[in-house]
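K.L.:
what follows is a predicted structure for the sequence shown.
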Amino acid sequence: MPLIGQTAAMERLRHTLRQIADTDVDVLVTGETGSGKEVVASLLHRWSRRAKGNFVALNCGALPETVIESELFGHEPGAFTGAQKKRIGRIEHASAGTLFLDEIESMPPAVQVQLLRVLEMREVTPLGTNEVRPVDLRVVAAAKVDLGDPRQRGDFREDLYYRLNVVTISIPPLRDRRDDIPLLFGYFAERAASRFKRDVPTMSTAIRRHLQHHDWPGNVRELSHFAERFVLGLESAAGSKPGETPSTDTVLPLPARVERYEADLIRETLAQNGGDVRRTIEALGIPRKTFYDKLQRHGIVRSEFAGFDGED
């Protein structure tokens, strides 16, 4: 998605991105959850001479240490139990392109050491081999904490921080650029209407008030999900929280209210996970068969939510 916003903070951010996009300098992007760190990384890639190469993303906080090594560096057959086929790692796959490492503060210390060598030598050694393979890539790392602050850095290596900290881009939280909220909300509402084949509803005074006064702790991601619920007709009551049904539901019998709540929760969880069944099932905590039974009962079409998960 584009970098939406007309505030001075966003104009400065846009200017900085254009200044450094066509260089090969590694970049550290900081910002709160949902502020748009992956959008910034993607724009750096698209505006650079590497745009024809791969943009490869990995969330370091989503994988255990035993998996992240193989994902990053790749492996040869027999490298570990279950490694039956050769696997090209994300680093090698990003050669001639851009590697985006999200939540890098969650990367295990042992993997940090290996990543530091990759950044310094621009070469990678897959698991299970001594073969050294050169790589030509740009690394954009993202963190939710200030890695320059030892109190927030935790187990993150100081030398890796300084290696990544050639250029740091800080994304302002949504509450600090409130004038951008109407533009963003309009964009997300139109996108949701197109995705769900709905018209954009008329905005009530209560919805406008909520947009203006809510602090948006989940930032742009929270706003995008609010816009989805608005288009689906789930936000007729101002300030309703994710998963809550409008107050008009209180006139319905309890079983009907429970059914509507369940359907709304499934739709929202699908939207948050871009239609991914595995992640949605894990978030809901239900078996796969139960999930599909509920989709059929509520008339929910999973494909309508594919690839629709807002910003990081």
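P.N.:
Arrived safely, thanks for sending.

K.L.:
gap between Tyr261 and Glu268?
P.N.:
Tyr261 sits 11 Å away from Glu268, going by Cβ to Cβ, to the nearest Å. Every residue, glycine included, has its C-beta placed from N, CA and C.

K.L.:
any low-confidence regions in the protein?
P.N.:
By pLDDT under 70, the low-scoring segments of the chain are 79, 81-82, 84, 235-254, 257, 306-312.

K.L.:
for Tyr261 and Glu268, indicate the residue with more neighbours.
P.N.:
Just comparing Tyr261 and Glu268: by other Cβ atoms under 10 Å the higher neighbour count belongs to Glu268, 20 against 14.

K.L.:
report the separation between the more buried one and Leu234.
P.N.:
From Glu268 to Leu234 the distance is 8 Å (Cβ to Cβ).

K.L.:
break this protein into its domains for me.
P.N.:
Listed domain ranges for the chain are 8-172, 175-305 (source: automatic domain parsing).

K.L.:
would you mind measuring the gap between the ends of the shortest one?
P.N.:
Using Cα to Cα, to the nearest Å, the gap from the first to the last residue of domain 175-305 comes to 27 Å.

K.L.:
quick one: Leu13 is in a helix?
P.N.:
Yes - under DSSP: H, G, I helix; E, B strand; the rest coil, Leu13 falls within a helix.

K.L.:
so it makes contact with Leu3?
P.N.:
Yes - in this structure, Leu13 is within contact of Leu3 by Cβ atoms under 8 Å, at 7.1 Å.

K.L.:
what is in contact with these two at once?
P.N.:
Shared contacts of Leu13 and Leu3 (Cβ atoms under 8 Å, 6 or more residues apart in numbering): Val40.

K.L.:
those two: which is more packed in?
P.N.:
Legend: neighbour count by other Cβ under 10 Å for Leu13 and Leu3, higher for Leu13 (21 against 14).

K.L.:
before we move on, back to that, of the domains of the chain, flag the one that's most buried.
P.N.:
Among those, the stretch with the highest mean neighbour count (mean count of other Cβ atoms under 10 Å) is domain 8-172, at a mean of 17.

K.L.:
first-to-last residue distance for it?
P.N.:
Start-to-end, domain 8-172 (Cα to Cα) is 11 Å.

K.L.:
Val135 is in contact with Val124, isn't it?
P.N.:
Yes - counting by Cβ under 8 Å, Val124 is a contact partner of Val135 at 5.4 Å.

K.L.:
give me the common contacts of these two.
P.N.:
Between them, Val135 and Val124 share the contacting residues Ile91, Glu92, Val118, judged by Cβ under 8 Å, 6+ apart.

K.L.:
closest one of the residues you listed to Leu160?
P.N.:
For the shared contacts of Val135 and Val124, the minimum distance to Leu160 (Cβ to Cβ) is 10.6 Å, reached by Val118.

K.L.:
mind checking what secondary structure that closest one has?
P.N.:
The three-state assignment at Val118 reads helix, by three-state DSSP.

K.L.:
that one and Asn59: what is the separation?
P.N.:
Where Asn59 is concerned, Val118 sits at a distance of 18 Å (Cβ to Cβ).

K.L.:
and Ala206, by the same measure?
P.N.:
Applying Cβ to Cβ to Ala206 and Asn59 gives a distance of 36 Å.

K.L.:
show me the helices in the stretch 101-250 of the chain, by range?
P.N.:
With DSSP state H, counting those that start in this stretch as the criterion, the stretch 101-250 of the chain has helices at 109-121, 150-153, 158-164, 181-196, 205-213, 219-231.

K.L.:
among those, which comes closest to Val39?
P.N.:
Set against Val39 and scored by Cβ to Cβ, the helices of the stretch 101-250 of the chain come closest in helix 219-231, at 8.0 Å.

K.L.:
closest one to Pro173 among the helices of the stretch 101-250 of the chain?
P.N.:
Taking Cβ to Cβ, helix 219-231 is the member of these nearest to Pro173, at 5.7 Å.

K.L.:
the closest one: what's the following helix or strand?
P.N.:
helix 254-272 (DSSP states H and E).
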